[in-house]
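>>> generate a structure from the sequence data that follows.
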Amino acid sequence: MALTGRLGARASRLTWRLSEGIPLDARSLALSRIGFGALLLLDLRERVALLSRFYTDAGFVPRAEARRLWAAVLPHALPPWSLHFFSGSSAFQAVLLALQGAAGVALVVGYRSRIAALSAYVLLLSLCQRDVLVTGGDEWMLAAFLFWMPFVPLDGAFSIESRLHEPRVLPRPRTVSSLGTLAFTAQLVMILFFAGLQKVLSSEAWREGSALHQVLQDVPATPFGLSLGTLPLLDCVLSYGALVAELVGPWFLIFPVARPVRAAAILYIGANLLGFAAALEVGRLPWVALAALVAHVPGSAWERLGLPASLTPAGEVSTSPSGRHSKMMDVMLVVALLHALAYNVARLRNDEAEPTWLEALAGVVVPRQGWGMFRKVGLRGVPEWFVVAGTRNGETTPSIRLPDGHPLGLELDSAASSLRGNQRWGYFWSRAEMLATDYPDVLQRYLQSECDDFRPVAPLERVEIVWVRGRRGARKHETLTAHTCSEAREPAP
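Numbers count the residues shown, from 1 in each chain. Here you go, the predicted structure:
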């Protein structure tokens, strides 16, 4: 009876917690806001470098071709919408990127953060749908969190807004609790939990605890990751440890548990995400999840660090205001949450196709869901990458590696995806085989740009994309596609 009573009490506490929202410290939310703003600006820096190549009609992917590529990469999605489709000029694209940058800065400094988050969400989603070739899971995940941020008070600390309304006597920290904080937390729980569930359901290697070594073979690894791959005894521990962080850890953000237990779960999830970031070259995926995780750090941690307090007296919980407008927003949040949950469940059944009624909102209003991070392991069998090479003076001069002009090599450090220091190029090259088969004009325009860019150094006669497959000692390579350099045209900056 005592056990039943305790379980009933915990169930009541959980029901109350969900109905009232997930309490989040204002300083933690503010640091999360700053993190998302910084990630948005980092993403924008890469996009600016690709502006003329991937976002204008004079680049590799004109608007008409971008729509066809969207259908090829996401065959079950609705046609894309994008503000960036209104014009194919560099000036128009630069204006939209500048507006996105302004939204990112506003998030970092905490000025009109809800409006900034909504603007950033619309512009980022528009940018992702303008050119799916250079869009990856980190952008979709960032957009997913930006979608919920306008429903969460973000300016309670470390913001221009809090400074403008700061009282004369600095009060102690407040806790923010609303349906918006519940939705924000639920998004993080869904990302982690369903990623772990997909691993268990679709991969024997994860179930057997032998996935880490195979992940390091399938995903480009850092020197630290390569060193882990030489320690087979750690494979089982780290593989199961990752599953615990994704399948078990997130629920401690929602369940009514003691603060030390919740803090330990946050540290454990954070360590797992940092481990992925340190061991694998996966872009900003772990950092986006970490920025969301920071919002759940308890206020006591910041008090020990001496970070300044926010705006309301100690112990007071700030909830969203009542009224017709608030109720309408709550209805929107509930519908969006149910959609996100249904989308994630559908992805468990079929990773490639979602029901049409789910796609009616996905990518248009509610961001796409379903991140099966590293769930498909050991499928490629052998590593593969692409090297871009140019030839001049016929056969008398060896081919050179582009774009840096060094002698041609076929090692992984010569891969085209790693030479420009821009993750967007990695996404582009991951679809090179599909482009060569179905959209050769995209690769031909790219190769012509290499001819143009290299002409001031030494004119090229021919440029080719070399497909390298296999491990050292049994490596094969073949030409995926080639291009004869034509007369000069205006090079893309």
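
>>> next one: residue 108 from residue 123, what distance?
16 Å (CB to CB, to the nearest Å). (Each C-beta comes from the backbone N, C-alpha and C, glycine too.)

>>> looking at these two, which one has more neighbours?
Neighbours per residue, other CB atoms under 10 Å: of residue 108 and residue 123, the larger number sits with residue 123, 25 against 20.

>>> OK, contacts around the more buried one?
83, 96, 99-100, 103 (CB atoms under 8 Å, 6 or more residues apart in numbering).

>>> in this protein, what secondary structure element scores lowest on mean pLDDT?
strand 317-318 (a mean of 46; mean pLDDT, DSSP states H and E).

>>> after that one, which helix or strand is next? Please name it.
Once strand 317-318 ends, the next helix or strand along the chain (criterion: DSSP states H and E) is helix 324-349.

>>> what packs against that following helix?
helix 137-148, helix 179-202, helix 356-359 (3 or more CB pairs under 8 Å, 6 or more residues apart in numbering; DSSP states H and E).

>>> angle of the second one against helix 137-148?
With axes from the mean of the first three to the mean of the last three CA atoms, to 10 degrees as the criterion, the two stretches helix 179-202 and helix 137-148 enclose an angle of 150 degrees.

>>> out of the contacts of residue 123, which are buried?
Buried subset of the contacts of residue 123 (neighbour count, 16 or more other CB atoms under 10 Å): 83, 96, 100, 103.

>>> turn the contacts of residue 123 into TSV, columns for secondary structure and distance to residue 153.
Shown next, in TSV, are the contacts of residue 123 (DSSP: H, G, I helix; E, B strand; the rest coil; distance: CB to CB, whole Å):
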residue	secondary structure	distance to residue 153
83	helix	28
96	helix	28
99	helix	24
100	helix	23
103	helix	18
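
>>> partner residues bridging the nearest residue to residue 484 once chain neighbours are set aside?
Spatially, and ignoring its direct neighbours in sequence, residue 484 is nearest to residue 462 (5.6 Å; CB to CB, 6 or more residues apart in numbering). With DSSP bridges as the criterion, residue 462 is bridged to residue 391, residue 484.

>>> residues contacting residue 462?
Contact analysis of residue 462 by CB under 8 Å, 6+ apart lists 390-391, 482-485.

>>> and the spatially most central residue of the chain, what is it in contact with?
Centroid-nearest residue in the chain, with CA atoms, centre = their mean: residue 138, separated by 1.0 Å. By CB under 8 Å, 6+ apart, residue 138 lies in contact with 43, 283-285, 287-288, 423.

>>> let's see it at 7 Å
Shown in contact with residue 138 (CB atoms under 7 Å, 6 or more residues apart in numbering): 283-285, 288.

>>> just residue 274 next, same as before
By CB under 7 Å, 6+ apart, the neighbours of residue 274 are residue 286.

>>> circling back: of the contacts of residue 138, closest to residue 146?
Nearest to residue 146 among the contacts of residue 138 is residue 288, at 10.0 Å by CB to CB.

>>> what about that closest one, which SS state?
helix (DSSP: H, G, I helix; E, B strand; the rest coil).

>>> same question, the one 3 residues further on
The three-state label given to residue 291 by three-state DSSP is helix.

>>> what number of residues lie near it?
23.

>>> also residue 259?
11.

>>> state the distance from the residue lying closest to residue 295 once chain neighbours are set aside to residue 135.
Among residues not flanking residue 295 along the chain, residue 32 sits closest, at 3.7 Å (CB to CB, 6+ apart). Per CB to CB, residue 32 is found 23 Å from residue 135.

>>> neighbour count winner among those two?
residue 32 (25 against 21).

>>> now name the helix or strand holding the more buried one.
Going by DSSP H and E, residue 32 is part of helix 26-49.

>>> thought residue 132 was touching residue 71?
No - the criterion here is CB atoms under 7 Å, and residue 132 misses it with residue 71 at 9.4 Å.

>>> what's the domain layout of this structure?
25-170+178-310+322-359, 384-484 (automatic domain parsing).

>>> what are the ranges of the strands in this protein?
24-25, 175-176, 317-318, 384-391, 400-402, 462-469, 476-484 (DSSP state E).

>>> which elements pack onto the second one?
Counting contacts by 3 or more CB pairs under 7 Å, 6 or more residues apart in numbering; DSSP states H and E, the secondary-structure elements packed against strand 175-176 are strand 24-25, strand 317-318.

>>> one more: the longest one?
Strand 476-484 makes packing contacts with helix 432-438, helix 440-454, strand 462-469 when contacts are defined by 3+ CB pairs under 7 Å, 6+ apart.

>>> a markdown table for the ones you listed, including distance to residue 38 and mean pLDDT?
Listed next are the helices and strands packed on strand 476-484 as a markdown table, based on distance: least, CB to CB, whole Å; pLDDT from 0 to 100:
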| stretch | distance to residue 38 | mean pLDDT |
| --- | --- | --- |
| helix 432-438 | 31 | 93 |
| helix 440-454 | 30 | 92 |
| strand 462-469 | 35 | 91 |
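
>>> nearest to residue 329, out of these?
Closest approach to residue 329 among the helices and strands packed on strand 476-484 is made by helix 432-438 (41.0 Å; CB to CB).

>>> any residues touching the closest one, and which ones?
Under CB under 7 Å, 6+ apart, the answer for helix 432-438 is 72, 386, 442-443, 465, 480-481.

>>> same thing but at 10 Å, please
60-61, 68-69, 72-73, 133, 384-386, 388, 416-417, 428-429, 431, 441-444, 446, 465, 467, 479-481 (CB atoms under 10 Å, 6 or more residues apart in numbering).

>>> of these, buried ones?
Applying 16+ other CB under 10 Å to those, the neighbour count classes 60-61, 69, 133, 384-386, 388, 416-417, 428-429, 431, 442-444, 446, 465, 467, 480-481 as buried.

>>> quote the end-to-end distance of stretch 156-163.
End-to-end span of stretch 156-163 (CA to CA, to the nearest Å): 9 Å.

>>> which residues does the residue nearest to residue 66 when sequence neighbours are not counted contact?
With sequence-adjacent residues excluded and distances taken as CB to CB, 6+ apart, residue 66 is closest to residue 131, at 5.5 Å. Residues in contact with residue 131, defined by CB under 10 Å, 6+ apart, are 47, 50, 53-55, 59-61, 63, 65-66, 69-70, 80, 82, 84, 424, 427-428.

>>> those in helices, which ones?
47, 53-54, 63, 65-66, 69-70, 424, 427-428 (DSSP state H).

>>> how many other residues sit next to residue 286?
Here the count is done by other CB under 10 Å, and residue 286 has 23 residues near it.

>>> quick one: contacts for it?
So, once contact is read as CB under 10 Å, 6+ apart, residue 286 ends up touching 138, 141, 270, 272-280, 293, 373.

>>> what about those residues, which are in helices?
138, 141, 270, 272-279, 293.

>>> could you verify my assumption that residue 243 touches residue 208?
No - Residue 243 is not in contact with residue 208 according to CB atoms under 10 Å; the separation is 11.4 Å.

>>> who has more neighbours out of those two?
Higher neighbour count among residue 243 and residue 208: residue 243, with 21 against 12, using other CB under 10 Å.

>>> about what we covered before: closest one of the buried ones among the contacts of residue 123 to residue 249?
For the buried ones among the contacts of residue 123, the nearest to residue 249 is residue 103 (31.2 Å; CB to CB).

>>> didn't that closest one look like it was pressed against residue 119?
Yes - if you go by CB under 10 Å, residue 103 and residue 119 touch, sitting 4.4 Å apart.

>>> okay, and the common contacts of the two?
112, 146.

>>> ok so, going back, for the residue nearest to residue 484, give its distance to residue 419.
Separation of residue 462 from residue 419 (CB to CB): 19 Å.

>>> picking that back up, just the domains of the chain: most buried one?
Per residue and on average, the most neighbours among the domains of the chain fall to domain 25-170+178-310+322-359, with a mean of 19 (mean count of other CB atoms under 10 Å).
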